[in-house]
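Participant: coordinates only, no sequence provided:
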């Protein structure tokens, strides 16, 4: 029986990989210094929740087949030090995924934004059409128990992140998968703490494109000028397949794909989601599915968690939640909701949570990103800024950065909650955007404002 130990087992992908290996019959153990829900309960149910939080070198024994190292761990982690002293193989999760899928067709979805949405669409369509496949996706999606599957399937769909691999490997994760088919959705400066130079950030995608084998294919969003430049200037001999947003129309707040004389109703909306959908369609076709199969299955796709996720709606109002944090995604998401419901007031709330978004030097990149909103609100968690050793920006600084003189700032989640609960949402939409959780703000009182009357 294969035996692996996870250092930093509580992460979203890490705990899902651990659970997938338990399902595969592997013997799994792990450690972490903090584990939040839902990871904690899921690990406990599988019988692999660490008995105590912290790092315990005595857990590391020479009979282990390997260590799987999470990005959350530090390079001087005592368990990691012990493993290296014993000569136990240490894998980042991208390396491990590749080792488990060497003999499969590997499809990697990359880009600064849209990765999870595109991967989720592909997974939904393939499963709906009865195709056997493995996968790695960055969010929980409806109908899938885990975010990772490893089996004997002939193909694997991987959401490929450009963020760093592990404390021991400072290269982007997507370099490790050695794709046969790749999709590049967009390039917009992100991970400012890791790639402070934009050219260096772009160069990671140039290198990714170069990894496409001669007999492979790169599918790319030609509507993004940076993606178009990076792919089309590349000297690779692989097939290059461009895509742009799928033609569609909006009628009474509902989006329909237009195809010849046919209109196909879908749950997704917004220009960026129509691009994501078309990119996913290209991947499905590259894997042998027909247009008809794709259009049949896409009608039942409801989206990934926190990706323009509808939390509740009534006749004249709706509340959406989205993972948006980078300026381009924030702008696209706010614009999508406004265009879908042009007659409704849009109240947009953005939590600046990442190192990039909390950094005053990065703030000019947010200029105009909330212009689609009728009311713009920013939430800053002082503790998050303190942890990242950054100065907490004031309202005037943010107003100048976003170029919104009416922008409101909240630095206390209770005050924000009270404010949102007190608003009149007649003929209005509320859009909550964050890669965090507003300091665990309870949404129940706000959600009652969107119940059917």
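Facilitator: On my side now, so go ahead. The structure presented is a predicted model; accordingly, all values stated were derived computationally and were not measured. Numbering: from 1, shown residues only.
Participant: name the helix or strand for the residue most central in space within the chain, please.
Facilitator: In the chain, the C-alpha nearest the mean C-alpha coordinate belongs to residue 116, at 4.6 Å (CA atoms, centre = their mean). Using DSSP states H and E, residue 116 maps to helix 115-128.
Participant: toward the C-terminus, what is the element adjacent to that helix?
Facilitator: Next along from helix 115-128, by DSSP H and E: strand 134-136.
Participant: adjacent strands (with direction) for that next one?
Facilitator: strand 148-149 (antiparallel), strand 155-159 (parallel) (DSSP bridges).
Participant: okay, now the domains of the protein?
Facilitator: Under the assignment automatic domain parsing, the domains of the chain span 3-88, 96-298, 309-450.
Participant: what about the second one, average pLDDT?
Facilitator: Just to be clear, that refers to domain 96-298. The average pLDDT within domain 96-298 is 93.
Participant: with the last one instead?
Facilitator: When pLDDT is averaged along domain 309-450, the result is 93.
Participant: repeat that for the first one.
Facilitator: Taken as a whole, domain 3-88 carries a mean pLDDT of 95.
Participant: measure that domain end to end?
Facilitator: End-to-end distance for domain 3-88, by CA to CA, to the nearest Å: 11 Å.
Participant: next one: residue 332 from residue 447, what distance?
Facilitator: Plainly put, residue 332 is 25 Å away from residue 447 if you go by CB to CB, to the nearest Å. All C-beta spots, glycine's among them, are computed from the backbone N, C-alpha and C.
Participant: the more surrounded of these two?
Facilitator: Set residue 332 next to residue 447 and count neighbours by other CB atoms under 10 Å: residue 332 wins out with 24 against 14.
Participant: that one contacts residue 270, correct?
Facilitator: Yes: using CB atoms under 8 Å, residue 332 is in contact with residue 270, at 6.7 Å.
Participant: find the residues that touch each one of the two.
Facilitator: Common neighbours of residue 332 and residue 270 are not found (criterion: CB atoms under 8 Å, 6 or more residues apart in numbering).
Participant: strands paired with the strand ranked longest in the chain, and their directions?
Facilitator: Secondary structure assigned by DSSP state E gives strand 345-352 as the longest strand of the chain. In the sheet, strand 345-352 lines up against strand 375-380 (parallel), strand 428-433 (parallel) (DSSP bridges).
Participant: just to check, the residue nearest to the centre of the chain is in contact with residue 304?
Facilitator: Yes: judged on CB under 8 Å, residue 116 makes contact with residue 304 at a distance of 5.3 Å.
Participant: mutual contacts of those two, please.
Facilitator: What both residue 116 and residue 304 touch, as defined by CB under 8 Å, 6+ apart, is the set 137, 139.
Participant: what's the distance between residue 75 and residue 326?
Facilitator: As judged by CB to CB, residue 75 and residue 326 stand 27 Å apart.
Participant: between these two, which is the more surrounded one?
Facilitator: When neighbours are counted by other CB under 10 Å, residue 326 comes out ahead of the other of residue 75 and residue 326, with 25 against 10.
Participant: tell me the phi and psi of that one?
Facilitator: phi -70, psi 150 (degrees, to the nearest 10).
Participant: who are the contact partners of it?
Facilitator: Contacts for residue 326 were tallied using CB under 8 Å, 6+ apart; they are 112, 113, 188, 189, 190, 356, 357.
Participant: can you give me the neighbour number for residue 383?
Facilitator: 11.
Participant: would you confirm that it contacts residue 440?
Facilitator: No: taking contacts as CB under 8 Å, residue 383 lies outside contact range of residue 440: 11.4 Å.
Participant: buried set for stretch 142-156?
Facilitator: 144, 146, 147, 148, 149, 150, 153, 155, 156 (16 or more other CB atoms under 10 Å).
Participant: you'd agree the second one is up against residue 15?
Facilitator: No: Residue 146 lies out of contact with residue 15 (CB under 8 Å); the separation is 9.4 Å.
Participant: which element follows the host helix or strand of residue 320 toward the C-terminus?
Facilitator: Using DSSP H and E, residue 320 falls within strand 317-322. The helix or strand immediately downstream of strand 317-322 is helix 327-340, counting by DSSP H and E.
Participant: packing partners for that following helix?
Facilitator: Counting contacts by 3 or more CB pairs under 8 Å, 6 or more residues apart in numbering; DSSP states H and E, helix 327-340 is packed against helix 271-286, strand 317-322, strand 345-352, strand 428-433.
Participant: centre of the chain to the longest one, how far?
Facilitator: Centre-to-centre, helix 271-286 and its host chain are 16 Å apart (CA atoms, centre = their mean, to the nearest Å).
Participant: now the element after that helix, going C-ward?
Facilitator: The element immediately downstream of helix 271-286 (helix or strand, assigned by DSSP H and E) is helix 291-298.
Participant: now the angle from that following helix to helix 115-128?
Facilitator: 110 degrees (axes from the mean of the first three to the mean of the last three CA atoms, to 10 degrees).
Participant: from the contact counts, what lies against helix 291-298?
Facilitator: By 3+ CB pairs under 8 Å, 6+ apart, helix 291-298 packs against helix 115-128, strand 254-259, strand 262-266, helix 271-286.
Participant: and it, which residues are buried?
Facilitator: Buried, per 16+ other CB under 10 Å, within helix 291-298: 293, 294, 295, 297, 298.
Participant: look up how far residue 304 lies from the third one.
Facilitator: Plainly put, residue 295 is 20 Å away from residue 304 if you go by CB to CB.
Participant: do residue 29 as well
Facilitator: 30 Å.
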